[in-house]
Every structure is written in structure tokens, then in C-alpha cells.
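K.L.:
A structural model of the following input is requested.
(one chain, ligands or ions: 1)
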Amino acid sequence: MIFETVIWLEVHLKLNSPNKLFCRCKNEQEFDDLTANTHTCPTCMWQPWALPVLNKEPLDKAILLGLALWCEVQNISQFDRKSYFYPDLPMGYQITQLVKPTNIDGEVHFFVDKEFSESRNVRIRDAHIETDTWKSTHTDWSVLLDFNRAGTPLVEIVTHPDFTSWDEVIFFLKHLQRIARFNDIGDADMDKGQLRVDVNISLRQQWTEILWVRTETKNMNSFSAIQKAIEYEVDRQSKILQEWWTIDQETRWWDDISWTSFVMRSKEDAMDYRYFLEPDMPLVEATNEHISEVKQQLIEGPFVRISRYKNEYNFNKEYINALINDVHVNNSFEDAVSHGYSPSEVAKWIVWPIQRWLNESLRWFENTKFTQVQFLDFLWLIKDGSLANAQAKIVMWEMIETWKDANLIIEEKWLTWVGEDEVHTWLEEIFNAKPDILEDLKEWNMKPMWFVIGQVMQKSGWSADPAMVNSLIQKFL
Ligand SMILES: [Zn+2]
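P.N.:
A predicted model of the protein is given here:
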């Protein structure tokens, strides 16, 4: 039997709003550096007398995400109570959205190859808002609970079964990270648990429609783990089906150490969670005016942006990757282009040498002291002709190393542009000293050309433009 793989995802994305979903406690992203149980209040510890109140920022970010995923944003949505017992959920329920989620029926278009030439469509069933649980840490003899994470805002993105392989899944998730980061919705860092993915997998016989029983695999916190977990589960299910046994509907736990998954629990259906309308929360209202106000913050989607870099700017994949893999680099590029600088000129400096320096020094663009104003000043000096290409490289390296302004570096290094009159005088000197060179050139023997240009460059302390020297030489001929 030949099987086809059918996959759908439940992706939890942490929103980077300043506060938690229902209280004014800080929504800290860096849990590890934070002392446990310092950002808590009666509301996010679910004391019976403290009522949750929905904050506007996380709602707006959730709506913005819905718009970026081409969802329909519902004017009226509701919160539901999902009841289950788990050690990291002491009050015994989670506030989420099942019946009327804020965002429904979306669609995501993304590239599925490294050349940015092939693309796919995945439909989004819904993108609903919910609270995160507490964080539990297991020691040898106890479980430690940290309530800082309790009640922080998540959006769960549920896709339709439109994936057929692990690489499509990973390309989709990288696309989702760009949507979240470019729109400042969340950092979507998997290492920090800001992007968590549950993968539902089932198989069907080739050319047929009927799916066999699905399983859900949880606890993968890297792209390589997602790949391995999907490969493992597809292999496991096809072996069972080849033997004509049946697959149990279950939730499986991926173990990063043994590279296998094991049964966590037999999968519950929605019924088992005894969902009902959250009695402590009013309906969520989002008027059309509110939605279009949020829509103004929506930036161009990564698919359109990458297509523009590829088709309009003719950038190769190295250029495109350098520009889209870091939101701060991307913002800097887009800002400079919007100031009227040529995209290829701007990209040239970002990809090389800025990106190279960042890679070599293992730094992020965000953490450098290199300001956008400094970068724009630098580009201006090239555009208005004050800085030739050879000098610009020297200045850029100096800027990166010292964080000084381009103008200051030029002053310090005497990199001022040498004028035509001065170059003309030097050429006269060279030709007077060696008249045979001029004769050779006149007879189109071009060998001494580089010697002459080199002499002028030396005299100018490498601050003459070779192209200008060349054109002045032509005037002697
Ligand atoms: Zn709180």
C-alpha cells in the first residue's frame, strides 16, 4: 500500500503585548531571567472574587494577526471555559475561544523552497485568543510552579489538513514567524516557548479520500524536532497500517533525547472538556471602525515582500535571506528604500559588510549601536558623490567597529574627496616626467593605464575616484 500524509497544525503564538490578557500584570517574555511569582495578582491567580477584564492591546494584536492571516475578524466573538485538570492549571479551566473565535476562515500563501520560486496555500480554520497556563518545573522530588506565565496572551492558530510533508510545515512556521515579527505581534522564538506547535498527522491510501485515525504530537521546540517527530509518526503509522492493525487516537509526547514519541493520553474530543460560555466575561465586540483602525498597522505580507525583492529588485536568495531573517535588518532596509535610496545600493551595504560582521561577531542587528540615522547619512554621502566606493568601504568598516558618524570618520581619516583640478595637476606631472607613457596611450597601448591610475591613487592617499581619473586621462589623449 502507498500512503499519503495529511497534516494539520495547532500553533500557539505568544503575543508581545505589555500586559497579560485579563489583568495589568506585566507580560514578561524572558521568563528565565525573571524571579518566579513576581508578576502576579488575584486575577491571574484566578481568585474567585477577582474578575477578568480583557485588555485592548492583546485584543488588537490578535486582530492584527487575524488580518495578516487573511481571516475574517468577527464583530462579536466570545470566550469559553475549557475545563480540565492539569498540574499547571490549578483552577481547573482555561479561558479560550471555541464557539465564536475572533478570527475565522483565513488563508496563508508562502514559499516552500529555498529559491523562493514554489509556493503553497494553507487554509486557516481559526485564530483564537486564549490564556497561557502556569509554568511547572519538575525536580527530582517536587514540582515547582511559576505563576508569571499564568494568563499571558496566546493566539492559537488552527489550520485545515492542507500539509503533506514536514518541509511544508517548517516553511509555513518560518513564514508565520516573519508575520509575527514584522508586524510586532510577537517574537515567535521557539527556544523561549513563544511559538509552540502541536502536529496532527493521519495517513490515507493513495488516491483515496478517507483518512485513517489521527494522532497529535506535542512538545517540539525546534524545527529539527518537528521534522523528526513527523518522520517518526508517519513511519510508525504506516507500519501499523501495513500490518492491517488499527491506529489509536491519542496524544503523543515527543522526547528530544531518545528521538521517539510516546503516548501521553488517549485523545479527548471537545466534548470531554465540557466547554461552556465563560460566565465572567462579556462578549468581545470589535466594530468595523475598530478593525480598520487596527488594519492601518498591518504591513506588507512576507510573501508579497519576498516576491518584490525577487522580481522587482532581482535579488538572489542570499540577498533575500539576509533581508528577511531579522526584522530589524528588514526595517532598516525598507526605511532606507522609502527615503529614496536605490534598493540594490542599500542591500549591498546590509548584506555585505553589515550582515557579514554580525555573523562573524555573533551579534544581532538589534543589539548594535549602529543607528538608522547614521546609516541614512552614510548612504547620502555616497549618493551626493562625497564618498567614492573604495572610500565608502573603509568608512563602513570604521562605522561598524567604532559606531562613529560617517562624517566624523571622513574628517579623521582625511577621506575628503579629491577634486578634478588636483587630479589634473598630478596627471600633468606624471605625463611630463614620463612622456612615452602618454605616447603609448595615444596609440591605444593601454598597458600603462593602470600604472597611471595607481600613481594618482597613491598621490591622493586613496581618496580619488578611479572612474574620474580614467575620464580625465581620456582628455589628454
Ligand atoms: Zn495579574
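K.L.:
need the contact list for Val456.
P.N.:
With contact taken as Cβ atoms under 8 Å, 6 or more residues apart in numbering, Val456 is in contact with Val423, Trp426, Leu427, Ile430, Ala464, Val469. C-betas here are computed from N, CA, C, even on glycine.
K.L.:
can you give me phi and psi for the last one?
P.N.:
Meaning Val469. Listed backbone geometry of Val469 is phi -60, psi -40, with angles given as degrees, to the nearest 10.
K.L.:
tell me how many other residues surround it.
P.N.:
Under the neighbour criterion other Cβ atoms under 10 Å, Val469 is assigned a count of 23.
K.L.:
next up, the contacts around Gln206.
P.N.:
Applying Cβ under 8 Å, 6+ apart, we find Gln206 in contact with Met1, Ile2, Phe3, Glu4.
K.L.:
which of these has the most neighbours?
P.N.:
Phe3 (17 neighbours).
K.L.:
distance from the chain centre to stretch 301-319, please.
P.N.:
Average the C-alpha atoms of stretch 301-319, do the same for its chain, and the two points are 15 Å apart (Cα atoms, centre = their mean, to the nearest Å).
K.L.:
so for that stretch, what gets flagged as buried?
P.N.:
Judged by neighbour count (16 or more other Cβ atoms under 10 Å), stretch 301-319 contains these buried residues: Gly301, Pro302, Phe303, Arg305, Ile306, Ser307, Tyr309, Lys310, Tyr313, Phe315, Tyr319.
K.L.:
where's the last one relative to Val11, distance?
P.N.:
By that I understand Tyr319. When distance is defined by Cβ to Cβ, to the nearest Å, Tyr319 is 29 Å away from Val11.
K.L.:
near the ion, which residues of the protein are found?
P.N.:
Residues of the chain lying close to the ion (Cβ under 5 Å from the ion) are Cys23, Cys25, Cys41, Thr43, Cys44.
K.L.:
so which of the residues you listed belong to strands?
P.N.:
Within these, no residue falls in strands by DSSP state E.
K.L.:
burial count for Phe378?
P.N.:
By the other Cβ under 10 Å criterion, the neighbourhood of Phe378 contains 22 residues.
K.L.:
my guess is it contacts Trp397. True?
P.N.:
No. Because the distance of 11.6 Å does not satisfy Cβ atoms under 8 Å, Phe378 is recorded as not touching Trp397.
K.L.:
so where is the chain shaky, pLDDT-wise?
P.N.:
Within the chain, the segments meeting pLDDT under 70 span 29-33, 267-271, 362-369, 413-417, 462.
K.L.:
and the two most separated of the residues of the chain next to the ion?
P.N.:
Spatially, the most separated pair among these is Cys25 and Thr43, at 7.8 Å (Cβ to Cβ).
K.L.:
need the overlap of contacts for these two.
P.N.:
Between them, Cys25 and Thr43 have Gly151 as joint contacts when contacts are counted by Cβ under 8 Å, 6+ apart.
K.L.:
need the residues of the chain next to the ion in JSON lines (columns: neighbour count and distance to Glu293).
P.N.:
What follows is those, written out as JSON lines (neighbours: other Cβ atoms under 10 Å; distance: Cβ to Cβ, whole Å):
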{"residue": "Cys23", "neighbour count": "22", "distance to Glu293": "24"}
{"residue": "Cys25", "neighbour count": "21", "distance to Glu293": "26"}
{"residue": "Cys41", "neighbour count": "16", "distance to Glu293": "29"}
{"residue": "Thr43", "neighbour count": "21", "distance to Glu293": "27"}
{"residue": "Cys44", "neighbour count": "25", "distance to Glu293": "28"}
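K.L.:
among the residues you listed, which are in helices?
P.N.:
Among the residues of the chain next to the ion, no member falls in helices (DSSP state H).
K.L.:
I'd like the residues you listed written out as TSV, with distance to Thr208 added.
P.N.:
Written out in TSV, the entries for these read as follows (distance: Cβ to Cβ, whole Å):
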residue	distance to Thr208
Cys23	50
Cys25	51
Cys41	54
Thr43	51
Cys44	48
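K.L.:
ok, those vs Trp141, which is closest?
P.N.:
The nearest one, if we look at the residues of the chain next to the ion relative to Trp141 and count by Cβ to Cβ, is Cys44, at 27.6 Å.
K.L.:
do you know how far the closest one is from Gly193?
P.N.:
Using Cβ to Cβ, Cys44 is found at 17 Å from Gly193.
K.L.:
then Asn311?
P.N.:
37 Å.
K.L.:
repeat that for Gln206.
P.N.:
37 Å.
K.L.:
ok, now Asn16?
P.N.:
Remark: distance between Asn16 and Gly193 (Cβ to Cβ) = 13 Å.
K.L.:
between these two, which one's more packed in?
P.N.:
Neighbours were counted for Asn16 and for Gly193 using other Cβ under 10 Å; Asn16 has more, 20 against 16.
K.L.:
these two touch, right, that one and Asn183?
P.N.:
No. With contact defined as Cβ under 8 Å, Asn16 does not reach Asn183; the gap is 10.4 Å.
K.L.:
Ile453: neighbour count?
P.N.:
Using other Cβ under 10 Å, Ile453 has 17 neighbouring residues.
K.L.:
that one: helix or strand, and which one exactly?
P.N.:
Remark: Ile453 resides in helix 449-459, with elements defined by DSSP states H and E.
K.L.:
now, the contacts of Gln206 that are in strands?
P.N.:
Secondary structure from DSSP E places Phe3, Glu4 of the contacts of Gln206 in strands.
K.L.:
relative to Arg356, which of the contacts of Gln206 is nearest.
P.N.:
Distances from the contacts of Gln206 to Arg356 were compared by Cβ to Cβ; the smallest belongs to Glu4, at 43.1 Å.
K.L.:
show me the contacts for that closest one.
P.N.:
With contacts defined as Cβ under 8 Å, 6+ apart, Glu4 is in contact with Thr164, Leu203, Arg204, Gln205, Gln206.
K.L.:
which one's the longest helix in the chain?
P.N.:
Across the chain, the helix with the greatest residue count (assigned by DSSP H) is helix 223-242.
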